[in-house]
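**Student:** Got a sequence here, can you build the structure:
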Amino acid sequence: MEKMEYDLTIENLEVSVEGKKILKGISLKIKKGETAVLMGPNGSGKSTLAYTIMGHPKYKIDSGRIMYKGKDIAEIKPNERAKLGIFLSFQYPSEISGVTLSDFLRIAYSAVKTTKISIMNFKKLLKEQMKLLKLDDTFADRSLNEGFSGGEKKKAEILQLALLEPSLALLDETDSGLDIDALKIVSEGINVVKASHKQMSVLLITHYQRILNYINPDKVYVMLHGKIVMEGGNELVKELEAKGYDWVKEKVEPKVRLKII
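**Tutor:** Down below sits the predicted model:
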């Protein structure tokens, strides 16, 4: 059994989608309360890893293990994983006309939490979290993501994160499509939630360095062609910013690069 100090342990994970191998032996660990960043160019398999951890049926585990708090969760359904404390924010959140953000969040809260909450108490809790994240009260009365800007959609995801208080938050390209102002607001929201829930572990997935100007990771993993090819601390982020992913490719695939040239 994995020691309980780790919220997430992935061992030699291989995953296929519709018969095509995407993940090719992924191994990583995230300690309780730790913020880890998974970086890599588009198409490297980052989102596949997030969906696999969450249990999306499209992603088939060929071999390896996903351990959450010492328990193998490979056979556990996505809704049960959510109840265990795993949360996934989507890169492209769906729009649902006629369902207010408030109603959606109340349904999600009731589905994940084991204790019941009255409508009045939920509204009070929602208002507290919105104030913490500096969101206007009218935000919760709008139809879920309908007519929302990219930044507003991501704010709604962070509000959901704040309400559900997961043990493990998988944030899939939260910075995607955000302008500089929205990126700063969303990043601050993540930091506020993390500061309020210090035991929460976070796996932040991105291919840009810019969000890491606001969020300081404890650990950095770099993914390429379905494999983790580098790991380190904040210094690795700075190297990637200065040298780009071509530097990674040259470092780990020198023979391939020479053939291309």
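**Student:** What segments of this structure are helices?
**Tutor:** Applying DSSP state H to the chain gives helices spanning 46-54, 78-84, 101-112, 119-132, 150-164, 180-196, 234-252, 254-260.
**Student:** Serialize those helices to TSV and add fields for mean pLDDT, mean neighbour count and distance to K219.
**Tutor:** All C-beta atoms are positioned from the backbone trio N, CA, C, and that covers glycine. Below are those laid out as TSV (pLDDT from 0 to 100; neighbours: other Cβ atoms under 10 Å; distance: least, Cβ to Cβ, whole Å):
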stretch	mean pLDDT	mean neighbour count	distance to K219
helix 46-54	96	22	15
helix 78-84	94	15	22
helix 101-112	91	17	27
helix 119-132	90	14	26
helix 150-164	89	22	20
helix 180-196	90	17	15
helix 234-252	87	15	9
helix 254-260	47	10	26
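**Student:** For E5, find the nearest of those.
**Tutor:** helix 78-84 (17.2 Å; Cβ to Cβ).
**Student:** isn't S167 right next to K83, touching?
**Tutor:** No - shown here, S167 and K83 do not form a contact pair, counting by Cβ atoms under 8 Å, at 11.1 Å.
**Student:** Now distance to G40 too, for the helices of the chain, in CSV please.
**Tutor:** Shown next, in CSV, are the helices of the chain (distance: least, Cβ to Cβ, whole Å):
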stretch, distance to G40
helix 46-54, 5
helix 78-84, 24
helix 101-112, 29
helix 119-132, 32
helix 150-164, 20
helix 180-196, 19
helix 234-252, 7
helix 254-260, 16
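**Student:** nearest to P93, of the ones you listed?
**Tutor:** Comparing the helices of the chain under Cβ to Cβ, the one sitting nearest is helix 150-164, at 4.7 Å.
**Student:** Show me what that closest one is packed up against.
**Tutor:** If contacts are counted by 3 or more Cβ pairs under 8 Å, 6 or more residues apart in numbering; DSSP states H and E, helix 150-164 sits against strand 86-89, helix 101-112, helix 119-132, helix 180-196.
**Student:** Can you show me the CA trace of that helix as PDB?
**Tutor:** The C-alpha atoms that make up helix 150-164 are tabulated as PDB, following Å, rounded to 0.1, in the frame of the first residue of the first chain:
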ATOM      1  CA  GLY A 150     -13.500  32.600 -21.600                       C
ATOM      2  CA  GLY A 151     -12.500  34.200 -18.300                       C
ATOM      3  CA  GLU A 152     -16.000  34.000 -16.800                       C
ATOM      4  CA  LYS A 153     -16.100  30.300 -17.700                       C
ATOM      5  CA  LYS A 154     -12.900  29.700 -15.900                       C
ATOM      6  CA  LYS A 155     -14.100  31.700 -12.900                       C
ATOM      7  CA  ALA A 156     -17.100  29.500 -12.700                       C
ATOM      8  CA  GLU A 157     -14.800  26.500 -12.600                       C
ATOM      9  CA  ILE A 158     -12.800  28.000  -9.700                       C
ATOM     10  CA  LEU A 159     -16.000  28.800  -7.800                       C
ATOM     11  CA  GLN A 160     -17.000  25.100  -8.200                       C
ATOM     12  CA  LEU A 161     -13.500  24.200  -6.900                       C
ATOM     13  CA  ALA A 162     -14.000  26.400  -3.900                       C
ATOM     14  CA  LEU A 163     -17.400  25.000  -3.000                       C
ATOM     15  CA  LEU A 164     -16.600  21.300  -3.400                       C
END
